[in-house]
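Undergrad: predicted model and sequence follow; I will ask about them next.
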Amino acid sequence: MQALTISSHGGLDRVEFRDDLPVPELTRPGDVRIRVHAVALNRLDLFVVGGLPNVTITPPWILGADASGVIESVGANVTGLAVGDHVVINPGLSDRTCEYCREGEQPLCPRFGLLGEHFPGSLAELLVIPATNVRRIPASISLDEASAFTLATLTAWRMLVSRARVQAAENVLIWGIGGGVALAALQICKEIGARTWVVSSSNEKLERARELGADVLLNRLEVDVARTIRDQTGKRGVDVVADNVGKDTWEQSLRALGRRGRLVTCGATSGPIVETDVRRLFWNQWSILGSTMGNDDEFETVVQAYGQGRLRPVIDSVHPIAEGRAAFERLASGQQFGKVVVRIA
Ligand SMILES: [Zn+2]
């Protein structure tokens with residue numbers, strides 16, 4: 001079986017295409033086996049190559065979290081999915097028995113883990129995964145595109161809809177437009193009717209964001225983001241900040257945040273330790289919200305929206321699996337606008 005793997009942590013030179021991996025067996029009655037068509041990369045995949053604390057890989061370790069594909073076989077207990085269905089997957093796996101899972105809040109599961117990080121990944125010809133983590137999509141949707149849908153859209157949905165509860169006409173600041181979560185956040189805000197302030201260091205990316213409906217473009221190399229927002233909102237600030245950068249943006253995020261504002265974070269790509277003036281936190285009655293991945297209901301909701309032609313991911317580039325390392329290099333470059341896809345089929 002073909003797969004994109006690593007056998008040790010390090011630079012992207014560790015990313016290795018192989019065609020000698022064993023086919024994963026479908027042994028559990030609740031699982032399905034998917035013939036994977038394509039896998040979009042996420043920043044998580046870069047972190048896995050570099051090595052993450054408390055994450056141990058067994059070489060050769062298959063990379064990848066997202067996936068689109070076609071159901072190849074189903075376990076005896078699987079209902080609602082059939083051989084030949086086109087599907088996307090939710091790469092977050094939970095035990096489905098703990099108190100959080102029973103409440104339907106799977107991302108809070110103490111045994112929660114992600115494909116490619118805690119479990120062998122999706123960048124392979126065949127993938128075995130619980131049917132609970134699989135949803136059918138219309139066969140009319142391109143499987144290249146569909147591979148880029150789930151992780152970014154699900155993450156952005158939980159952040160903005162479930163956690164920050166963005167409302168129509170609210171102002172939302174989105175850092176790093178061009179990244180998958182940021183672009184999904186932009187689309188979700190547009191659907192809600194919120195006003196979006198998007199940030200990038202690239203005017204080209206900002207122009208493309210404008211084409212997607214972004215309201216205010218902020219080049220962080222040319223303007224002080226927080227000051228510009230305060231100036232343009234009569235010192236009021238934004239209602240919500242979507243931050244996945246962490247250390248480098250935290251202070252600006254809080255300076256841009258208005259009274260009663262909500263800062264929601266799902267990542268810390270620039271570093272995890274940030275500084276917050278607690279006096280400003282309580283005086284302005286801010287909410288600082290964490291968010292990660294999404295639960296079954298949120299997965300269902302976003303996949304339904306996708307089936308209706310909404311929340312379509314932006315694709316930067318598609319790379320054949322044999323040249324998969326180039327896809328990782330493209331993502332690491334930061335030059336991409338939208339998702340970088342590795343095609344297996
Ligand atoms: Zn659980």
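TA: Here it is on my side, so go on.
Undergrad: now do stretch 163-176, average pLDDT.
TA: Mean pLDDT, computed over stretch 163-176, is 98.
Undergrad: could you dump that stretch to PDB, C-alpha only?
TA: The C-alpha trace of stretch 163-176 is given here as PDB (Å, rounded to 0.1, in the frame of the first residue of the first chain):
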ATOM      1  CA  ARG A 163     -18.100  29.000  21.300                       C
ATOM      2  CA  ALA A 164     -18.000  32.700  20.400                       C
ATOM      3  CA  ARG A 165     -21.700  32.800  19.200                       C
ATOM      4  CA  VAL A 166     -21.000  35.400  16.500                       C
ATOM      5  CA  GLN A 167     -24.200  37.300  15.700                       C
ATOM      6  CA  ALA A 168     -25.300  39.200  12.600                       C
ATOM      7  CA  ALA A 169     -23.700  42.700  12.300                       C
ATOM      8  CA  GLU A 170     -21.000  42.000  14.900                       C
ATOM      9  CA  ASN A 171     -17.400  42.800  14.000                       C
ATOM     10  CA  VAL A 172     -15.000  39.800  13.800                       C
ATOM     11  CA  LEU A 173     -11.200  40.000  13.500                       C
ATOM     12  CA  ILE A 174      -9.700  37.000  11.700                       C
ATOM     13  CA  TRP A 175      -5.900  36.600  11.800                       C
ATOM     14  CA  GLY A 176      -3.900  34.900   9.100                       C
END
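Undergrad: okay, buried residues for that stretch please.
TA: For stretch 163-176, the neighbour count (16 or more other C-beta atoms under 10 Å) marks 163-164, 166, 170-176 as buried. For glycine as for every other residue, the C-beta is placed from the backbone atoms N, C-alpha and C.
Undergrad: okay, which residue is most central for the protein?
TA: In the chain, the residue lying closest to the centroid (C-alpha atoms, centre = their mean) is residue 152, at 2.6 Å.
Undergrad: separation between residue 69 and residue 38?
TA: According to C-beta to C-beta, to the nearest Å, residue 69 stands 8 Å off from residue 38.
Undergrad: against the ion, how distant is residue 291?
TA: Separation of residue 291 from the ion (C-beta to the ion, to the nearest Å) stands at 17 Å.
Undergrad: for that residue, give me its contacts.
TA: Residue 291 sits next to 155, 158-159, 162-163, 264-266 when contact means C-beta atoms under 8 Å, 6 or more residues apart in numbering.
Undergrad: which of these has the largest number of neighbours?
TA: Highest neighbour count within the contacts of residue 291: residue 159, with 28 neighbours (other C-beta atoms under 10 Å).
Undergrad: didn't the residue nearest to the centre of the chain look like it was pressed against residue 183?
TA: Yes. At 7.2 Å, residue 152 counts as touching residue 183 under the criterion of C-beta atoms under 8 Å.
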